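1. My questions are about this predicted structure, shown below with the sequence.
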Amino acid sequence: MKEVSRMFQEKIIFFGTGTFSCAILKMLKEEKYNVIAAVSQPDRPVGRKHIITATPVHALCIEMGIPCLQPEKLRKESHLVTDLKPDLIITCSYGQIVPDDILACPEKGCLNIHPSLLPKYRGASPMHFPIINGDTETGVSLMEMTHAMDAGRVYAQVKLPIGPDDTEADMEPRLREASVQLLKDNLPLYLAGKLVGKAQDESQVTVCHTIPREFEQVHFRQEKINALYNHIRGLIDWPLPYGLLEGKRMKFYKVRREVKNCQEAPGTIMGFDRDSMLVAADGGVIHVLEMQMEGHKRMNAQAFRNGMEKEVTGKRFD
């Protein structure tokens, strides 16, 4: 017990911003780690009234009584962190590059929780692209932070299956839970010097960048059924995929696929069945169960059918 008590005295600064990060911070406090501060992206205006709203991590810090630093540009204000002389830094979905002087500061180094099976999917969208690319598994890595993006030694990993119909929204809570457990199980071993990191195989590296706005549009006329379906479910429920129908966006919230021979031109709205709008694709049909047409509220297919069936049937997505 004396060794456990000693480990819990290390001064930790946590870097994170969104709700995914909050689960890690909660665990650190619940396990009685000595979190002396957190670093989050600055609060931003939200909604039509542009009300300045705390980031999820900032809001949690207020609740837990943890000081929260929010530099606009961390590299210009890195002294805010180094002056606190942390023993360890832990990051999870922070949103800015951590400068070298901060990386070099803690005696125990810097750890990052990354939701992919490194060296696959280094970068900004590791929860989206395994689904978009049709992978059947993903996972979480506990890794060393270095100057190069997501390139440090890997201390521990856990794998998670991706089901054929799982969306990013389905996988996010599973990855979050796995991240919490991975760090909970391995942080005491790391602090005790019992974890040996393994260098990543550079020949297996793949990179996923921030999802550009133009990638949010799915192209029924260009993508085959499986690629199209993976593209759609990889963006649900953020940043949300959409199709363009006569210049207007239709966002997709819930879909399923039917692989079969389809004679209609890809992108054609063929009509409706009991619970979905049927859209022809190359090699099958996309069933849209929930959608939001530009200028309208989100609704299920039956509600959309009641007001729009005659207007959209026979029209074709780009």
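-> That came in fine, so what should we check first? Keep in mind it's a predicted model, so treat the numbers as computed, not measured.

2. Could you pick out the longest helix of this structure?
-> Ordering each helix of the chain by length in residues (DSSP state H) puts helix 168-191 first.

3. starting at the chain centroid, how far to that one?
-> 13 Å (CA atoms, centre = their mean, to the nearest Å).

4. next SSE after it?
-> Where DSSP states H and E defines the elements, the next helix or strand beyond helix 168-191 is strand 207-208.

5. Any stretches of this structure with poor pLDDT?
-> 1-8 (pLDDT under 70).

6. what do you get if the cut-off is 50, keeping everything else the same?
-> For the chain, applying pLDDT under 50 flags the ranges 1-7.

7. Show me the helices in it, by range?
-> 2-7, 19-30, 56-64, 79-82, 100-103, 129-132, 168-191, 225-233, 301-312.

8. what's the closest of those helices to residue 121?
-> helix 129-132 (5.6 Å; CB to CB). Heads up, the C-betas are built off the backbone N, CA and C, glycines and all.

9. Pick out the residue closest to the middle of the protein.
-> residue 127 (4.7 Å; CA atoms, centre = their mean).

10. Contacts only, for that one.
-> Applying CB atoms under 8 Å, 6 or more residues apart in numbering to residue 127 gives the contacts 115-116, 138, 168, 171-172, 175.

11. Distance check, residue 263 against residue 199.
-> 53 Å (CB to CB, to the nearest Å).

12. Same question for residue 288.
-> Distance from residue 288 to residue 199, by CB to CB: 45 Å.

13. Show me which of the two is the more surrounded one.
-> residue 288 (24 against 11; other CB atoms under 10 Å).

14. The more buried one contacts residue 252, doesn't it?
-> Yes - using CB atoms under 8 Å, residue 288 makes contact with residue 252 at a distance of 5.9 Å.

15. okay, the helices of the chain in a markdown table with mean neighbour count and distance to residue 206 next?
-> As requested, the helices of the chain are arranged in a markdown table below (neighbours: other CB atoms under 10 Å; distance: least, CB to CB, whole Å):
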| stretch | mean neighbour count | distance to residue 206 |
| --- | --- | --- |
| helix 2-7 | 10 | 35 |
| helix 19-30 | 19 | 21 |
| helix 56-64 | 18 | 28 |
| helix 79-82 | 16 | 31 |
| helix 100-103 | 16 | 24 |
| helix 129-132 | 24 | 8 |
| helix 168-191 | 18 | 17 |
| helix 225-233 | 22 | 16 |
| helix 301-312 | 15 | 36 |
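
16. okay, these in CSV with distance to residue 155 next?
-> As requested, the helices of the chain are exported to CSV (distance: least, CB to CB, whole Å):
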stretch, distance to residue 155
helix 2-7, 16
helix 19-30, 15
helix 56-64, 23
helix 79-82, 22
helix 100-103, 16
helix 129-132, 21
helix 168-191, 6
helix 225-233, 31
helix 301-312, 46
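
17. among those, which is nearest residue 93?
-> The minimum distance between residue 93 and those falls on helix 19-30, with 4.9 Å, by CB to CB.

18. Next, the angle helix 56-64 makes with that closest one.
-> Computed with axes from the mean of the first three to the mean of the last three CA atoms, to 10 degrees, the direction of helix 19-30 lies at 30 degrees from that of helix 56-64.
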